[in-house]
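In: dropping the sequence and predicted coords here.
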Amino acid sequence: MSFIHGYDQDTLREIVDERECAARLEEIGEQRSLPALLERVWLLKVLGRLEDSLVISEQSVRVARMAGTRKDLLRARILHASVQHFRGAYAAAEQELTMCADEAEGQNWSGIAAFAYQQRGKMFFDAGDFEAARADFKRTLFLRQESGATDAQLESTLMAVDAADRRRTRTFAAS
């Protein structure tokens with residue numbers, strides 16, 4: 001079941017039903033499996049509970065490092081960086097996302113690389129660097145097409161490219 005009901009076209013943030021997310025968070029409870037930890041990180045993040053999300057994301061990176069695959073570790077690191085981004089730690093998020101994207105592309109893991117670029121694009125978008133955001137969203141689109149992503153994933157990426165273009169145009173017009 002997807003908790004994402006769309007994306008805000010101005011902020012690129014996920015549109016979720018907070019009651020559904022809170023209920024799912026309660027359902028997961030204190031489970032310590034890596035999938036449960038990663039889901040808790042995301043749910044806490046979209047609910048705005050960033051300090052709790054940060055703690056769980058750090059735990060998920062440790063668990064992935066000890067008991068997961070390299071792909072698991074990359075996913076956990078990307079999610080951790082997205083929490084840093086939401087907390088306003090743009091430099092730390094950018095560094096982590098860049099390393100993850102580079103490693104994923106080096107391994108030809110297009111889906112994971114796309115996830116890293118999408119998150120980094122959102123971080124650039126929030127930081128006001130619409131040119132860099134657009135470049136990352138375009139890279140995401142290419143990688144998602146290459147990996148056979150769903151129509152919904154492609155549509156969300158196209159929406160992000162369009163949002164970056166609109167913001168970039170407004171920025172140029174205001175100058």
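Out: Received, thanks.
In: low-confidence ranges, the protein, go.
Out: Within the chain, the ranges that satisfy pLDDT under 70 run 1, 172-175.
In: alpha carbons only: can I get the helix ranked longest in it in CSV?
Out: For the chain, the helix that runs over the most residues, judged by DSSP state H, is helix 151-174. Listed next in CSV are the C-alpha coordinates belonging to helix 151-174 (Å, rounded to 0.1, in the frame of the first residue of the first chain):
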residue,chain,number,x,y,z
ASP,A,151,4.6,5.3,-14.8
ALA,A,152,4.0,6.9,-11.4
GLN,A,153,7.7,7.2,-10.8
LEU,A,154,8.3,8.7,-14.2
GLU,A,155,5.4,11.1,-13.8
SER,A,156,6.7,12.3,-10.4
THR,A,157,10.1,12.9,-11.9
LEU,A,158,8.6,14.8,-14.9
MET,A,159,6.6,16.9,-12.4
ALA,A,160,9.9,17.7,-10.5
VAL,A,161,11.6,18.8,-13.8
ASP,A,162,8.7,21.0,-14.6
ALA,A,163,8.7,22.5,-11.1
ALA,A,164,12.4,23.3,-11.3
ASP,A,165,11.9,24.9,-14.7
ARG,A,166,9.1,27.1,-13.4
ARG,A,167,11.2,28.2,-10.4
ARG,A,168,14.2,28.8,-12.5
THR,A,169,12.1,30.9,-14.9
ARG,A,170,10.7,32.9,-12.0
THR,A,171,14.2,33.4,-10.6
PHE,A,172,15.5,34.7,-13.9
ALA,A,173,12.5,37.0,-14.4
ALA,A,174,12.9,38.5,-10.9
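In: contacts for it next, please.
Out: Counting by CB atoms under 8 Å, 6 or more residues apart in numbering, helix 151-174 makes contact with 7, 9-10, 12, 114, 118, 121-122, 125, 128, 130-131, 133-134, 137-138, 140-141, 144-145, all of which sit outside it. Any C-beta I mention is one placed from the backbone N, CA and C, and that applies to glycine too.
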